[in-house]
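What follows is a predicted protein model with its sequence.
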Protein chains: 2
Amino acid sequence: MTKIFLSMSVSLDGIAGPQVDHSDFSALDADAMAVHEAVLGWVFPMRSWREQQGQEGGEDSVDSRVWAEQFDRTGPQIIGRRMFDFGYPNWGENPPFHAPVFVATHRGGDRIDKAGGTSYTFVTEGIESAVEQARAVADGKDVLLAGGVSIAQQALAAGLVDEILLHVAPVLLGRGERLFGAAQVNLRCTEVVHGEGADHLRYVPR
Amino acid sequence: MTKIFLSMSVSLDGIAGPQVDHSDFSALDADAMAVHEAVLGWVFPMRSWREQQGQEGGEDSVDSRVWAEQFDRTGPQIIGRRMFDFGYPNWGENPPFHAPVFVATHRGGDRIDKAGGTSYTFVTEGIESAVEQARAVADGKDVLLAGGVSIAQQALAAGLVDEILLHVAPVLLGRGERLFGAAQVNLRCTEVVHGEGADHLRYVPR
């Protein structure tokens, strides 16, 4: 059965990324880039991540295997508008998703099809509708809530998350945008994996 | 060599306890107690914790063994004034520390000696002095920074922490007092242990 799972990288003090002016990404300064790198930098050396981007080489690490397992189970993905706006120029003509992507947004738009199986569909009816549409085309795979923070918080608050996979980077950042908001959820930890660049904690709601 | 280590329980969203009016602990309401229980409730069933309190029974769980290892290495402890004021009435005449306790506080006071090896010494010269005084009587053991949040944040900000042991309770609380403040510290994770009631992450500064 298709699971809706949230997978996010986070610092040990719960920071998912820099606190930025989402209306102007070009204003990302050196400190914002440092926060971004501290939270997400562990993915770049991995063989599985590089493969997903169409690059060769990389390390066949514990982290890489966790990432590969996640990629294997993932069908459609749900992302927020900010993540889309930030990532779209970089994801290019053969984006790393290789699956339908549903963008939860207030601003609609026509579906965009790219090479390699990636499509972008804009969903203006809220996170529940995005989950429903993604589930409908999951075809036996799981649906990944890939970020950012707003999507994670909305999905948790709405009780839509079947599993949380947290990749915890070993750093206290002391500034930035917090992953978790006001949602109150009792969980059960089902797995902890000690990786080279991050530690991977898996939870299911009780 | 004596290590200065921080050991704290925390929810998955980084909450160390309820947000309370520290001038009136009698005002703790049901929600504050629920937050307290969510963060710390995992310790009460453990055999090692019960033994430390002079109680029989309890579970010989993974959590209990982690706790026993921590107790075995611990000599002097450092706590904050709020934790002292909150705990003192409950710790009784034979407190669970069985070691010198240094209370970092703005208000001085005479040293208090209790049964079973526990003493309370009030240190008004700041966290560095408390660490120095504790280290001087460690006698081959390690010094535990036991809480609360203010002590943890001061020690991290001052670069006094040789090791962080986080006990992560599987719950998103969405309210309460955050463990980590503005300190920026690069860490290395040296161990993760999957327990029954919490997961135990060990870090050392890089």
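Here it is on my side, so go on. Numbering: from 1, shown residues only, chains lettered A, B, ... in the order given.

Please count neighbours and contacts with C-alpha atoms only from this point.
OK.

center of chain A, which residue is that?
residue A:146 (2.3 Å; Cα atoms, centre = their mean).

That one is in contact with residue A:16, isn't it?
No - judged on Cα atoms under 8 Å, residue A:146 makes no contact with residue A:16 at a distance of 11.8 Å.

Find residues that contact each of these two.
The contact sets of residue A:146 and residue A:16 overlap at residue A:8 (Cα atoms under 8 Å, 6 or more residues apart in numbering or on different chains).

interface residues of chain A facing chain B?
A:13-14, A:170-175, A:180-189, A:191-194, A:199, A:203 (Cα under 8 Å from any Cα of the partner chain).

list the contacts for the spatially closest residue to residue A:45 that is not a sequence neighbour?
Of all residues not flanking residue A:45 in the chain, residue A:58 sits nearest, at 5.3 Å (Cα to Cα, 6 or more residues apart in numbering or on different chains). Counting by Cα under 8 Å, 6+ apart, residue A:58 makes contact with A:45, A:46, A:47, A:48, A:50.

And for residue A:177?
Applying Cα under 8 Å, 6+ apart, the residues near residue A:177 are A:15, A:16, A:17, A:18, A:19, A:149.

before we move on, the earlier item: tell me which entries of the contacts of residue A:58 lie within strands.
Nothing among those maps onto strands, per DSSP state E.

I'd like these written out as a markdown table, with pLDDT and neighbour count added.
Formatted as a markdown table, those follow (pLDDT from 0 to 100; neighbours: other Cα atoms under 10 Å in any protein chain shown):
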| residue | pLDDT | neighbour count |
| --- | --- | --- |
| A:45 | 96 | 17 |
| A:46 | 97 | 21 |
| A:47 | 97 | 22 |
| A:48 | 96 | 26 |
| A:50 | 95 | 18 |
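
Let me know the closest of these to chain B.
residue A:45 (17.0 Å; Cα to the nearest Cα).

Hmm, residue A:59 and that closest one touching each other?
Yes - assessed by Cα under 8 Å, residue A:45 is found in contact with residue A:59 at 6.0 Å.

From the residues of chain A next to chain B, list just the buried residues.
Buried residues within the residues of chain A next to chain B, counting neighbours by 16 or more other Cα atoms under 10 Å in any protein chain shown: A:13-14, A:170-175, A:180-181, A:183-185, A:187-189, A:192-194, A:199, A:203.

Out of these, which sit inside helices?
Using DSSP state H, no member of those sits in helices.

can you give me the strands for chain A?
Assigned by DSSP E, chain A shows strands spanning A:4-11, A:15-17, A:74-80, A:100-104, A:112-113, A:119-123, A:142-147, A:163-169, A:171-172, A:177-178, A:185-194, A:199-205.

got any ranges where chain A has weak pLDDT?
Low-confidence segments of chain A, defined by pLDDT under 70: A:22-27.

Tell me, how many residues neighbour residue A:105?
20 (other Cα atoms under 10 Å in any protein chain shown).

So it sits against residue A:124, correct?
Yes - assessed by Cα under 8 Å, residue A:105 is found in contact with residue A:124 at 5.3 Å.

ok, back up a step: for the contacts of residue A:177, which one is nearest chain B?
Using Cα to the nearest Cα, residue A:15 comes nearest to chain B of the contacts of residue A:177, at 9.9 Å.

Show me which residues of stretch A:48-56 are buried.
For stretch A:48-56, a neighbour-count test (16+ other Cα under 10 Å) marks A:48, A:49, A:50, A:52 as buried.

Nearest to residue B:88 among the residues you listed?
For the buried residues of stretch A:48-56, the residue nearest residue B:88 by Cα to Cα is residue A:49; the value is 52.2 Å.

Apart from its chain neighbours, what residue comes closest to that closest one?
Residue A:49 sits nearest to residue A:43 (Cα to Cα, 6+ apart), 6.5 Å away.

Please report the number of neighbouring residues for that neighbour.
19.

for residue A:168, same thing?
Around residue A:168 there are 26 residues (other Cα under 10 Å).

For it, list each beta-bridge partner.
Beta bridges link residue A:168 to residue A:10, residue A:199, judged by DSSP bridges.

That one: what's it in contact with?
Here residue A:168 is in contact with A:9, A:10, A:11, A:12, A:39, A:198, A:199, A:200, A:201 (Cα under 8 Å, 6+ apart).

Which residue, neighbours along the chain excluded, lies closest to residue A:35?
Closest to residue A:35 by Cα to Cα, 6+ apart is residue A:18, at 5.5 Å.

For that neighbour, the count of nearby residues, please.
Residue A:18 is flanked by 22 other residues according to other Cα under 10 Å.

same check, this time on residue A:149
Based on other Cα under 10 Å, the number of other residues close to residue A:149 is 22.

didn't it look like it was pressed against residue A:176?
No - judged on Cα under 8 Å, residue A:149 makes no contact with residue A:176 at a distance of 11.4 Å.

what's the overlap in contacts for these two?
residue A:16.

How about the contacts made by the nearest residue to residue A:106 once chain neighbours are set aside?
The shortest distance from residue A:106 to any non-neighbouring residue, by Cα to Cα, 6+ apart, is to residue A:124 (5.2 Å). Taking Cα under 8 Å, 6+ apart, we find residue A:124 in contact with A:104, A:105, A:106, A:107, A:108.

Leaving aside the residues adjacent along the chain, what's closest to residue A:202?
In space, residue A:202 is closest to residue A:165, 4.6 Å off (Cα to Cα, 6+ apart).

Could you tell me how many residues sit around that neighbour?
So residue A:165, with other Cα under 10 Å, has 19 neighbours.

Next, the buried residues of stretch A:79-96.
Buried-residue list, stretch A:79-96, by 16+ other Cα under 10 Å: A:79, A:80, A:81, A:82, A:83, A:84, A:95, A:96.

how much space between the third one and residue A:135?
The gap separating residue A:81 from residue A:135 is 19 Å, by Cα to Cα, to the nearest Å.

just checking, residue A:172 touches residue A:16?
No - between residue A:172 and residue A:16 there is no contact under Cα under 8 Å: 11.5 Å.

Find residues that contact each of the two.
Residues touching both residue A:172 and residue A:16 by Cα under 8 Å, 6+ apart: none at all.

contacting residues for residue A:143?
Counting by Cα under 8 Å, 6+ apart, residue A:143 touches A:2, A:3, A:4, A:5, A:74, A:75, A:76, A:77, A:78, A:131, A:134, A:135.

let me fix that: residue A:20
So residue A:20 contacts A:28, A:32 (Cα under 8 Å, 6+ apart).
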